[in-house]
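Engineer: here is a sequence with its predicted model. Questions after.
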Amino acid sequence: LVTRSRTARVGLVLVSFWVIVALFADDCLVQPACWVGGSDYQATPLLARYSPLEQFRGANLKPPSAEHWLGTDRLGRDLWARLAHGARIILLLAPISVGISLIVGGTLGLVAGYYGGLVDEIVMRVLDALMAFPQILLYLVIIAAFGPSALNVVLAITIAGAPGIARLVRSLTLDIKTRDYVAAAQTRGESPWYIMFVEILPNARGPILIDAMLRVGYAVFAIGTLGFLGLGLPPPSPDWGSIVNAGRKFIQAGHPWDALWASAATAMLVVGLNLLADGLQEELGRYR
């Protein structure tokens with residue numbers, strides 16, 4: 001489906017660029033010692049050229065050059081290295097957050113849609129209460145309560161995203177459970193869990209997959225927003241939001257590179273995910 005859609009191919013190229021950069025920023029992927037966390041292992045830069053924490057004396061706030069492709073930040077750290085390693089954070093936390101949201105929200109939506117009645121009312125009213133909070137406020141409350149960390153960022157995005165996924169899955173379940181193959185499974189005496197996860201869920205995978213891709217883009221924005229507000233990963237983590245926050249102070253001083261490159265990287269990744277989702281939606285629509 002991806003290869004048939006020009007829109008999806010463009011999105012795939014944009015997303016693949018950052019995936020490759022994240023995987024090969026250093027040689028950790030090809031070194032078994034890195035996998036097991038060997039204490040004597042030191043990662044060697046590959047695509048990133050330098051370590052994201054390495055400070056170059058006398059190279060503070062330098063513009064792009066042959067030595068530092070995207071320039072350096074206020075502490076003399078290479079911006080390309082920080083963007084490359086920041087991509088690892090984004091491309092790890094965003095899919096994990098959306099994946100957990102899919103499991104939690106998808107299960108709740110299946111149960112509410114299949115059983116209906118009182119079960120549906122209880123589940124959906126609780127989720128509606130969560131959706132009543134603005135997402136950014138929900139992020140702030142959760143992070144403020146538990147502190148900034150990768151785990152709490154994932155928790156915040158999961159809690160904020162699960163209600164929307166549950167509503168989507170519930171609406172799909174209400175439609176699919178009226179189909180003949182579901183009635184046939186009920187006649188055979190299959191259990192409700194079998195019907196939900198074997199008969200209903202696979203036939204709803206198209207819209208769920210497209211929605212998940214869009215939500216990964218939302219999660220990228222959420223991680224960047226939390227990093228910008230100082231509520232994401234603690235320093236010196238090179239997440240893109242904190243890079244924008246640190247660099248915005250130097251824009252009027254003639255050094256826009258920190259904020260510019262990190263913002264462009266975020267936009268490039270999110271646009272790629274949206275194009276990929278749009279292309280898949282176009283192709284799936286041809287089979288309806």
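Structural biologist: Alright, I've got the coordinates. Worth saying up front: this structure is predicted, and the values here are computed from it rather than measured.
Engineer: in space, what's closest to Asn245 - neighbours in sequence excluded?
Structural biologist: Phe228 (4.6 Å; CB to CB, 6 or more residues apart in numbering). Just so you know, the C-beta spots here come from the backbone N, C-alpha and C atoms, and that holds for glycine as well.
Engineer: the one you found contacts Ser242, doesn't it?
Structural biologist: Yes - contact criterion CB atoms under 8 Å: Phe228 and Ser242 qualify, at 7.0 Å.
Engineer: the more surrounded of these two?
Structural biologist: Ser242 (27 against 21; other CB atoms under 10 Å).
Engineer: mind checking the SS state of the more buried one?
Structural biologist: Ser242 falls in the helix class when you classify it by DSSP: H, G, I helix; E, B strand; the rest coil.
Engineer: that older thread, ok, the residue nearest to Asn245 - contacts?
Structural biologist: Applying CB atoms under 8 Å, 6 or more residues apart in numbering, we find Phe228 in contact with 241-242, 244-245.
Engineer: now it: how far from Leu83?
Structural biologist: 15 Å (CB to CB, to the nearest Å).
Engineer: residues near the closest residue to Gln55 other than its chain neighbours, how many?
Structural biologist: Nearest residue to Gln55, sequence neighbours excluded (CB to CB, 6+ apart): Gly76, at 4.6 Å. If you count neighbours by other CB under 10 Å, Gly76 ends up with 16.
Engineer: in a markdown table: the contacts of Phe228, plus pLDDT.
Structural biologist: Formatted as a markdown table, the contacts of Phe228 follow (pLDDT from 0 to 100):
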| residue | pLDDT |
| --- | --- |
| Gly241 | 91 |
| Ser242 | 91 |
| Val244 | 93 |
| Asn245 | 91 |
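Engineer: which pair in these spans the largest distance?
Structural biologist: Greatest spatial distance among the contacts of Phe228 (CB to CB): Ser242 and Val244, at 7.4 Å.
Engineer: list residues touching both of those two?
Structural biologist: 227-228.
Engineer: which residue ranges of this protein form helices?
Structural biologist: 6-23, 32-35, 79-115, 117-131, 135-146, 150-176, 180-187, 192-194, 205-228, 240-247, 257-285 (DSSP state H).
Engineer: comparing the ones you listed by mean pLDDT, which bottoms out?
Structural biologist: If you rank these by mean pLDDT, helix 32-35 sits at the bottom with a mean of 68.
Engineer: gap between the residue lying closest to Gly58 once chain neighbours are set aside and Leu137?
Structural biologist: Nearest residue to Gly58, sequence neighbours excluded (CB to CB, 6+ apart): Gly76, at 7.3 Å. From Gly76 over to Leu137 the distance is 37 Å, taken as CB to CB.
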